[in-house]
Structures are given as C-alpha cells and as structure tokens.
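>>> here is the input, now give the coordinates:
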Amino acid sequence: MKNNENTETGGWVDYRPGIKVLDCTIRDGGLINDHKFDDQLVKSVYDTCVAAGVDYMEFGYKSSKKIFQPTKAGPWKFCDEDDIRRIVGEKAPGTKISVMADAERTDYKEDILPKDKSVIDCIRVACYIHQMPLALDMVKDANQKGYETMLQLMAISTVSESDMHAALAIAAKSLANGVYIVDSFGSLYTEEIRSLTRTYLDALKGTGKDVGIHAHNNQQLAYANTIEAIVAGANRVDATISGIGRGAGNCPMELILGFLHNPKFRIRPVLECCRDVFLPLSKKMDWGYSIPYAITGQMNMHPNAAIKFRAGDTPDDYVSFYDQMTQEVS
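Below is the predicted model of the structure:
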C-alpha cells in the first residue's frame with residue numbers, strides 16, 4: 001500500500017521508489033590514480049551497475065585537453081565517445097551514463113557532442129559558488145544539446161548562507177534537472193545535512209528539480225549523511241563500490257542499496273565486485289577513512305594536505321600531521 005505519493009509501505013519497510021542512485025566509482029575513484037583504470041576494471045563496474053539496477057554510472061570527466069595532457073592522465077579524465085562506447089557496447093537500457101564537467105576545466109561547447117551523437121545521457125556540471133554564471137551556461141549548453149543536466153555546488157560547507165540562498169535562487173530558474181549538495185571536505189554533520197536538504201528543497205519547490213547528495217567519508221559520516229538527506233527528502237544519491245573515492249572516499253554502494261529497500265536494486269552483484277575487484281585493488285591504492293582525513297574534515301579543509309601526507313614516508317604519524325595542520329591555521 002502507499003502512505004503518500006512517493007512512499008511505498010510493506011510491513012516494516014518504507015521506501016521511496018523515486019530515489020535514483022548514481023555510481024561515481026570510476027569518476028571519484030579516478031582522482032586517486034589520475035583516471036588510469038584499465039578497460040577490464042571499468043567494464044566490471046559497468047556490468048555491476050547494470051546487474052544491480054543502479055540508475056546511472058558516471059565514467060569520469062569531460063576535461064579540456066588544452067589544460068590537461070592526455071599523455072599524463074587516463075582516458076576517464078576526458079571520456080571520449082569511443083572510449084565509453086568500447087566499454088558499454090550495446091548499451092543496457094536500465095543504466096544511464098553520466099559524465100562530469102568542471103567549470104573552467106572543460107571545453108564544453110566543442111567536447112560535449114549533441115546527444116544524438118553520444119552514448120552519454122547526463123551531464124553533471126560541477127562548480128564553486130563564484131563559478132555559477134559559467135556553470136549555468138554549461139547547463140544551458142548541455143540541455144540544448146539534449147542531455148539531462150545536474151548542477152553540483154561544490155564545497156558547500158565553505159559557502160556563506162546568503163551566497164548559498166542567492167545561488168539556489170538562480171539554480172531554481174536554470175535548466176538543470178536537479179541540484180546536488182556536495183560535502184567536498186567531508187566536514188558536515190547530520191544536522192547540517194538535514195538543514196541543507198530542507199533549504200535546497202524549499203528553494204527548488206515547484207520547479208520539478210531534484211535534490212541530490214554527494215558525501216565524503218572524512219569523519220565516517222558519508223553513509224549517515226546520505227541517509228539523512230534521503231530522510232529529509234533528497235531523491236538523488238551518489239555512491240561508490242567499496243566506498244572508493246578521493247581521499248577518505250564516498251558513501252559505499254553496498255550500504256546505501258541495502259538501506260533503500262527497493263526491490264529493483266540487487267546487492268549481490270555489488271558484493272561480488274567488492275570481493276573480486278576492489279578488495280585486491282585496495283592493496284594497491286589508498287582510500288577510505290584514516291585519521292589525517294578526519295583532521296581535515298574537522299577543520300573544514302580540502303583533503304589535499306592529507307592525501308599528500310598519506311603518500312609520504314610516515315602516513316600513520318597522525319600527531320605530526322595534526323601539529324602541521326594546526327600550525328598552518330594558527
């Protein structure tokens with residue numbers, strides 16, 4: 001039975017069937033290894049998303065080859081059409097394909113093809129608050145080319161309340177299909193996520209636009225914060241297999257699919273991918289919660305310093321890192 005328009009009730013389970021899940025394993029995970037995942041791994045993730053019923057898979061970025069050298073980064077930094085098609089073959093009907101375009105880092109007018117010439121379904125435009133005018137033009141360009149579009153307001157924990165309200169008022173009038181809360185530094189707590197979600201929903205009320213959540217795990221709150229956003233009304237959710245992602249990583253796919261209780265999602269393929277692909281990979285690549293990331297999260301700082309520290313000779317000298325960070329801000 002239904003207890004409201006968007007919620008199904010079955011015994012002890014409540015779920016909202018309209019919630020859509022986006023897998024950003026390759027895109028966010030690519031920030032660890034310069035987007036140099038091989039085809040076999042990317043194909044494994046794509047097949048997993050299809051088998052698990054995940055709504056979107058994000059392959060990577062549409063980055064400018066005038067700014068970033070293709071000889072130094074892997075293919076998922078640029079997401080050329082031929083590279084994506086090589087992975088997906090005959091595209092499965094259930095899982096849409098997404099890429100991210102960073103404001104000031106992409107030649108969007110040239111490199112994003114018209115939708116009828118691309119296998120991509122959704123363009124997610126990421127920007128900092130001062131880049132909103134450019135981001136809105138990017139959204140307009142992608143929309144007019146036939147794509148679904150999403151706006152990602154990055155590092156929202158650093159934005160003043162007045163600037164946030166101004167940006168949301170502009171976003172509400174844009175062509176974007178939705179706007180994401182992005183906890184770039186993994187610094188936000190559940191009560192802040194709850195408040196932000198309600199603020200976004202109020203700003204976008206009546207527009208038909210979705211509210212999404214992209215959480216980082218610096219304080220081991222990515223899963224909890226994603227749940228909090230969902231409970232507050234967000235219906236777009238980012239997650240990654242085994243929680244892989246830049247630094248402390250992201251909300252784990254295997255957790256959030258279980259929480260959603262939607263029978264269209266299947267956890268077993270994700271667990272197989274965790275076991276067969278990402279457990280071995282975790283021995284070679286460093287991601288996930290560690291104390292240096294917690295320190296930058298608590299201090300509302302970009303995790304670059306922690307990433308550099310973790311790559312050094314004494315990655316577990318937490319006290320030294322703490323002293324370094326507190327001296328820098330004192």
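>>> strands of the stretch 51-200 of the chain, residue ranges please.
Taking DSSP state E, counting those that start in this stretch, the strands of the stretch 51-200 of the chain run over residues 56-61, 96-102, 122-127, 148-153, 178-183.
>>> can you tell which of these is closest to Val277?
strand 56-61 (14.2 Å; C-beta to C-beta). All C-beta spots, glycine's among them, are computed from the backbone N, C-alpha and C.
>>> strand 148-153 and the closest one, what's the angle between them?
Strand 56-61 and strand 148-153 are oriented at 70 degrees to each other (axes from the mean of the first three to the mean of the last three C-alpha atoms, to 10 degrees).
>>> now for strand 56-61, which elements pack on it?
With contacts taken as 3 or more C-beta pairs under 8 Å, 6 or more residues apart in numbering; DSSP states H and E, strand 56-61 sits against strand 20-23, helix 25-29, helix 39-52, strand 96-102.
>>> which of the ones you listed is buried the deepest?
Mean neighbours per residue, mean count of other C-beta atoms under 10 Å, is largest over the helices and strands packed on strand 56-61 for helix 25-29, with a mean of 27.
>>> convert that one to CSV, retaining C-alpha atoms only.
Extracted in CSV, the C-alpha atoms of helix 25-29 (Å, rounded to 0.1, in the frame of the first residue of the first chain):
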residue,chain,number,x,y,z
THR,A,25,33.2,4.7,-8.6
ILE,A,26,35.3,5.4,-11.7
ARG,A,27,34.9,9.2,-11.7
ASP,A,28,35.7,9.9,-8.0
GLY,A,29,38.0,6.8,-7.7
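>>> other SSEs contacting that helix?
Packing partners of helix 25-29 (3+ C-beta pairs under 8 Å, 6+ apart): helix 39-52, strand 56-61.
>>> with mean pLDDT and distance to Leu113 added, can I get the helices and strands packed on strand 56-61 in CSV?
As requested, the helices and strands packed on strand 56-61 are arranged in CSV below (pLDDT from 0 to 100; distance: least, C-beta to C-beta, whole Å):
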stretch, mean pLDDT, distance to Leu113
strand 20-23, 98, 21
helix 25-29, 98, 19
helix 39-52, 98, 20
strand 96-102, 98, 11
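>>> quick one: closest of these to Arg275.
Taking C-beta to C-beta, helix 39-52 is the member of the helices and strands packed on strand 56-61 nearest to Arg275, at 11.3 Å.
>>> just to revisit the earlier point, in TSV, list the helices and strands packed on helix 25-29 along with distance to Lys20.
Below are the helices and strands packed on helix 25-29 laid out as TSV (distance: least, C-beta to C-beta, whole Å):
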stretch	distance to Lys20
helix 39-52	12
strand 56-61	7
